[in-house]
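Participant: Could you look at this predicted model? Sequence included:
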Amino acid sequence: MTDTTPIHVDATNADQLKAWDGGEGDYWAANADLYDASIDRYHHALLALAAIAPADAVLDIGCGTGQTTRDAARLASSGTALGIDLSSSMLDVARSRAESEGVHNATFVQSDAQIHPFEPGSFDVALSRTGSMFFGNRAEAHVNIARALRPGGRLAIGVWQPMSENEWFTSFVGALSAGRPLPAPPPEAPSPFAMSEPDLVGPLLESSGFEDVEFGELRAPMFFGETAEQAQDFILGQLGWLVADLNTSDRRAAVAELLRSMQDHETTDGVVFSSAMWLITAQRGDR
Ligand SMILES: C[S@@+](CC[C@H](N)C(=O)[O-])C[C@H]1O[C@@H](n2cnc3c(N)ncnc32)[C@H](O)[C@@H]1O
């Protein structure tokens, strides 16, 4: 049975715990395959950059439903992979899939990676697929991750480029905002775009104990469903709250606009929007 006692997190991550160990995490857990499919092109590129060797100990930060952890564990065939995440329901999916896929060297922990007491120097590789931009205190979190790596250990993280480069986000939020200004969280607040500015993230990683920080650019189509209707449902499940305060006719118009946008992006490969990530690599320095 799942333990439902709330975990201890840093005070700066209390809101993230509420979201990810609540409705947001439950929705990801219920739609794990679609989320994995949407980001498939980035998944393979990130794993290639992580250059996982058979004996490596790998840490997957914000592992969610654990596809990256399981694939990292397969690459670390005589090593291990540990996935850490805030969401108990996403971790339930991660654990049951590891079990059913026979991946026995992957383990999972529900904890706040910003403050988790990792054994210092115990990992060869730390990776994260869109899991490192939600920390309330990104500097503290990356110091903690650097400390968990051995000197010379590798960091490989995938983070979204700015909102303006991600058509999927501007289209969905644009439709559901119904003419209101797009929500723009302050750059220091946790959000999908909190690691999108290399001028801020490079120095952040260097001052956290990393060196040789490099930003690789990858632009890739993202898949949201086989049909416009499926894609519309998938996105309304995540962003429906944006229209909750509209009157009925404005809400209907916004939802119809979202469907139109999905229809405009229907291809023979399903509903596809353009997107862009930074694939960031670095090494833990000797400090
Ligand atoms: C956008 S999801 C990505 C999940 C997964 N990496 C993937 O690609 O499917 C972000 C994940 O980061 C996790 N997360 C956010 N803040 C965290 C923290 N402080 N410690 C550990 N995990 C965190 C969330 O619970 C969520 O599962």
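Facilitator: Nice, I can see it. Every value quoted in this text rests on a predicted model; they were computed, and no experiment measured them.
Participant: And G136, how far from D21?
Facilitator: Relative to D21, G136 is positioned 15 Å away (CB to CB, to the nearest Å). Where C-beta positions appear, they are placed from N, C-alpha and C, glycine not excepted.
Participant: go on, I39?
Facilitator: Distance from I39 to D21, by CB to CB: 21 Å.
Participant: same thing with I7?
Facilitator: Distance of I7 to D21, given as CB to CB: 8 Å.
Participant: How about E197?
Facilitator: 28 Å.
Participant: more neighbours, these two?
Facilitator: D21 (22 against 15; other CB atoms under 10 Å).
Participant: need the contact list for that one.
Facilitator: By CB atoms under 8 Å, 6 or more residues apart in numbering, the residues touching D21 are 6-7, 86-89, 110.
Participant: for L204, same thing?
Facilitator: Applying CB under 8 Å, 6+ apart, we find L204 in contact with 138-139, 142.
Participant: Try it again at 10 Å.
Facilitator: Contact analysis of L204 by CB atoms under 10 Å, 6 or more residues apart in numbering lists 138-139, 141-142, 195, 197, 210, 213.
Participant: hang on, L218 packs against I39?
Facilitator: No. L218 lies out of contact with I39 (CB atoms under 10 Å); the separation is 11.1 Å.
Participant: which residues are in contact with both of those two?
Facilitator: 46, 158, 275, 277.
Participant: Can you tell me the element the first one falls in?
Facilitator: Assigned by DSSP states H and E, L46 belongs to helix 40-50.
Participant: do the same with the last one
Facilitator: With elements taken from DSSP H and E, the one containing M277 is strand 270-284.
Participant: which residues of the stretch 1-150 of the chain fall in strands?
Facilitator: With DSSP state E, counting those that start in this stretch, the ranges of strands along the stretch 1-150 of the chain come out as 57-61, 80-85, 106-110, 123-129, 149-160.
Participant: quick one: strands adjacent to the first one?
Facilitator: It stands for strand 57-61. Note on strand 57-61: by DSSP bridges, its sheet partners are strand 80-85 (parallel), strand 123-129 (parallel).
Participant: looking at this structure, which residue lies furthest from center?
Facilitator: In the chain, the residue that sits farthest from the middle, by CA atoms, centre = their mean, is S249; the gap is 34.1 Å.
Participant: So what's the residue count around A256?
Facilitator: A count of nearby residues for A256, using other CB under 10 Å, gives 12.
Participant: I'd say it and L236 touch.
Facilitator: No. Taking CB under 10 Å as the definition, A256 is not a contact partner of L236, at 11.7 Å.
Participant: Show the average pLDDT along stretch 59-73.
Facilitator: In this model, stretch 59-73 carries a mean pLDDT of 98.
Participant: ditto for stretch 91-103
Facilitator: The average of the pLDDT scores along stretch 91-103 is 98.
Participant: Sort out which residues of it are buried, please.
Facilitator: By neighbour count on 16 or more other CB atoms under 10 Å, the buried set for stretch 91-103 is 91-95, 97-98, 103.
Participant: about what we covered before: may I ask which of the contacts of D21 comes out lowest in pLDDT?
Facilitator: By pLDDT, P6 ranks lowest within the contacts of D21, coming in at 80.
Participant: Which residues are in contact with that one?
Facilitator: With contact set as CB under 10 Å, 6+ apart, P6 has these partners: 14, 17-18, 21, 88, 110.
Participant: Please convert those to TSV, extending it with distance to the ligand.
Facilitator: Formatted as TSV, the contacts of P6 follow (distance: CB to the nearest ligand atom, whole Å):
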residue	distance to the ligand
A14	10
L17	8
K18	11
D21	7
S88	10
Q110	8
